[in-house]
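Chemist: sequence plus predicted model, see below.
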Amino acid sequence: MKMTTRVAILGAALLAATLPLTAQKGSSANQPYELSAMLSGMWEGSTPGNELRLQIRSATTDPSHLYDLYVQVAGKYQGENVRQQGLIRLESQGKSVYFGYIPHFDPTVSALSTNVARFTDEEANAACGLVMDPKGDGFAGETVGSTCARAIRGAIGKWTIEVDPATIRIRNVKTGETLRFKKVSK
């Protein structure tokens, strides 16, 4: 009986010692998946003048890009009609996530198109990206200069992006202009 008790105690101690490691691994092992899950869904603008809707969903492109997302932006921003679409490519970079955005200037391309991951030279040259780091319950990053100005109309200057399970906040570093979105469905 003493042997069984010792084995049980040793087993429980080993399990207890490894649980924090398992929990830590699970929370950071697949950052692209976590960010992809947060971004996927329908979003609505929640700041004054922001009547935009974001639809973000998985886009199957190829087995080496498991976390590609198709994003479509439609609606009005400060009274102007907006319609843009493109591919978000999320890739692991250590504890961070590389967030690449490649626009589709052809409005007939959709998440279900066979050419969702094929881009014209103009689209490929307009691509932009940033590194997103874990922050609180989500992720945050900052663009480098005006790298996204061609990809996203009006995105001149540095912008910060913060994502958590319920909100997306995009802010111009210099002017403070901020676009907030709230998640309305998954």
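Modeler: Noted; the coordinates are in hand. Numbering: from 1, shown residues only.
Chemist: after the longest strand along the chain, which helix or strand is next?
Modeler: In the chain, assigned by DSSP state E, the strand with the most residues is strand 80-93. Note on strand 80-93: by DSSP states H and E, the next helix or strand toward the C-terminus is strand 96-104.
Chemist: contacting residues around that next one?
Modeler: With contact meaning Cβ atoms under 8 Å, 6 or more residues apart in numbering, strand 96-104 is reached by 31-32, 35, 71, 84-92, 116, 119, 123-124, 126-134, 139, 141, 148, 150-152, 161. C-beta: built from backbone N, CA, C; applies to glycine.
Chemist: ranges for the strands of this protein?
Modeler: Counting by DSSP E, the strands of the chain are 41-45, 50-58, 68-77, 80-93, 96-104, 128-135, 138-142, 159-163, 167-172, 178-185.
Chemist: next, format those strands as JSON lines and append distance to Ala111, mean neighbour count and mean pLDDT.
Modeler: Below are these laid out as JSON lines (distance: least, Cβ to Cβ, whole Å; neighbours: other Cβ atoms under 10 Å; pLDDT from 0 to 100):
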{"stretch": "strand 41-45", "distance to Ala111": "13", "mean neighbour count": "18", "mean pLDDT": "97"}
{"stretch": "strand 50-58", "distance to Ala111": "5", "mean neighbour count": "18", "mean pLDDT": "95"}
{"stretch": "strand 68-77", "distance to Ala111": "4", "mean neighbour count": "18", "mean pLDDT": "93"}
{"stretch": "strand 80-93", "distance to Ala111": "9", "mean neighbour count": "17", "mean pLDDT": "92"}
{"stretch": "strand 96-104", "distance to Ala111": "10", "mean neighbour count": "20", "mean pLDDT": "92"}
{"stretch": "strand 128-135", "distance to Ala111": "20", "mean neighbour count": "18", "mean pLDDT": "93"}
{"stretch": "strand 138-142", "distance to Ala111": "22", "mean neighbour count": "19", "mean pLDDT": "95"}
{"stretch": "strand 159-163", "distance to Ala111": "19", "mean neighbour count": "20", "mean pLDDT": "93"}
{"stretch": "strand 167-172", "distance to Ala111": "18", "mean neighbour count": "18", "mean pLDDT": "93"}
{"stretch": "strand 178-185", "distance to Ala111": "16", "mean neighbour count": "16", "mean pLDDT": "94"}
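Chemist: redo the ones you listed as TSV? Include distance to Ser110.
Modeler: Shown next, in TSV, are the strands of the chain (distance: least, Cβ to Cβ, whole Å):
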stretch	distance to Ser110
strand 41-45	15
strand 50-58	10
strand 68-77	7
strand 80-93	8
strand 96-104	9
strand 128-135	21
strand 138-142	26
strand 159-163	23
strand 167-172	21
strand 178-185	18
